[in-house]
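Student: Build me a model from this:
(chains A and B)
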Amino acid sequence: DVKVTQSSRYLVKRTGEKVFLECVQDMDHENMFWYRQDPGLGLRLIYFSYDVKMKEKGDIPEGYSVSREKKERFSLILESASTNQTSMYLCASSLGFAGELFFGEGSRLTVL
Amino acid sequence: QKEVEQDPGPLSVPEGAIVSLNCTYSNSAFQYFMWYRQYSRKGPELLMYTYSSGNKEDGRFTAQVDKSSKYISLFIRDSQPSDSATYLCAMRGAGGSYIPTFGRGTSLIVHP
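Tutor: Now for the predicted structure:
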């Protein structure tokens, strides 16, 4: 089975802190994604990557950056966390252009 | 108007009922249609994946696509309390546009 692992399930951070969210997949998928999920707003794409060291902005990239140094790992970085970044963050991966998305269990971030 | 519209619910039904979940969309380029199920505090998981118009059945689940009306449905027969979850529709075009567009999700509650 494909496994997408998000290292932190629950985080509490303070405004202005730098936050790293890590995601690792074990199926050699080319594509990796970061979404945030908020009540009433559904899933919104922050960034995605289709290859190592490649990244593309999604619908809401402001305030976020990403890093993909290895194929299996995709990190989401909040340079200076703000309260409006309190959310559930979901990482996903997929194989090829037609592959289904496999999601991690999510990281719930609270920024105080 | 969002590209994909989905009623957030909640939809509450008694055990054993037939459930109908629906999405409408505006982009006629969408060719692939998916339903994801998301349990509370978990990531979404793929439930059904269909191409173009028609029906697809898998056990108690039937996915239906009507491209002429830009309308997709997921039917759940003999619903169980374990079906209580949020159901997200997703769709994408063919070729290079492989990033799916998600609906906001419908919360389903099946009570014993």
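Student: what about residue A:83, how many residues close to it?
Tutor: Look at residue A:83: counted by other Cβ atoms under 10 Å in any protein chain shown, it has 10 neighbours. The way it works is simple: take the backbone N, C-alpha and C, and place the C-beta from them, glycine included.
Student: That one: what's its closest spatial neighbour, skipping adjacent residues?
Tutor: Of all residues beyond its chain neighbours, the one nearest residue A:83 is residue A:111 (5.1 Å), with distances taken as Cβ to Cβ, 6 or more residues apart in numbering or on different chains.
Student: try residue B:15
Tutor: Closest to residue B:15 by Cβ to Cβ, 6+ apart is residue B:112, at 5.2 Å.
Student: residues touching residue 27, list them.
Tutor: Here I'm looking at chain A. Counting by Cβ atoms under 8 Å, 6 or more residues apart in numbering or on different chains, residue A:27 makes contact with A:2, A:3, A:93, A:95, A:102.
Student: right idea, wrong chain: chain B
Tutor: B:3, B:91, B:93, B:101.
Student: if you set the cut-off to 6 Å instead, what comes out?
Tutor: Neighbouring residues of residue B:27 by Cβ atoms under 6 Å, 6 or more residues apart in numbering or on different chains: residue B:3.
Student: What of the one 10 residues further on?
Tutor: Residues counted as contacts of residue B:37 (Cβ under 6 Å, 6+ apart) are B:45, B:47, B:85, B:87.
Student: give me that answer again for 7 Å
Tutor: B:44, B:45, B:47, B:85, B:87 (Cβ atoms under 7 Å, 6 or more residues apart in numbering or on different chains).
Student: returning to that earlier point: and the residue nearest to residue A:83, what are its bridge partners?
Tutor: Beta bridges link residue A:111 to residue A:13 when assigned by DSSP bridges.
Student: Please apply the same query to residue B:58.
Tutor: residue B:61.
Student: wait, it sits on residue B:49?
Tutor: No - applying Cβ atoms under 7 Å, one finds residue B:58 not in contact with residue B:49, separated by 9.8 Å.
Student: out of these two, which sits in the busier spot?
Tutor: Set residue B:58 next to residue B:49 and count neighbours by other Cβ under 10 Å: residue B:49 wins out with 17 against 10.
Student: Quick check: buried residues in whichever strand or helix holds the more buried one?
Tutor: Element membership for residue B:49 (DSSP states H and E) is strand B:45-51. Using 16 or more other Cβ atoms under 10 Å in any protein chain shown as the burial criterion, the residues of strand B:45-51 that qualify are B:47, B:48, B:49, B:50.
Student: Would you agree residue B:34 is in contact with residue B:46?
Tutor: Yes - under the criterion of Cβ under 7 Å, residue B:34 makes contact with residue B:46 at 6.3 Å.
Student: Find residues that contact each of these two.
Tutor: Joint contacts of residue B:34 and residue B:46 (Cβ under 7 Å, 6+ apart) are residue A:100.
Student: Close to chain A: what parts of chain B are there?
Tutor: B:8, B:34, B:42-46, B:49, B:98-100, B:102-105 (Cβ under 7 Å from any Cβ of the partner chain).
Student: Narrow those to those in strands?
Tutor: B:34, B:45, B:46, B:49, B:102 (DSSP state E).
Student: Quick check, the fourth one in contact with residue B:34.
Tutor: What that stands for is residue B:49. Yes - in this structure, residue B:49 is within contact of residue B:34 by Cβ under 7 Å, at 5.1 Å.
Student: which residues are common contacts for the two?
Tutor: What both residue B:49 and residue B:34 touch, as defined by Cβ under 7 Å, 6+ apart, is the set residue A:100.
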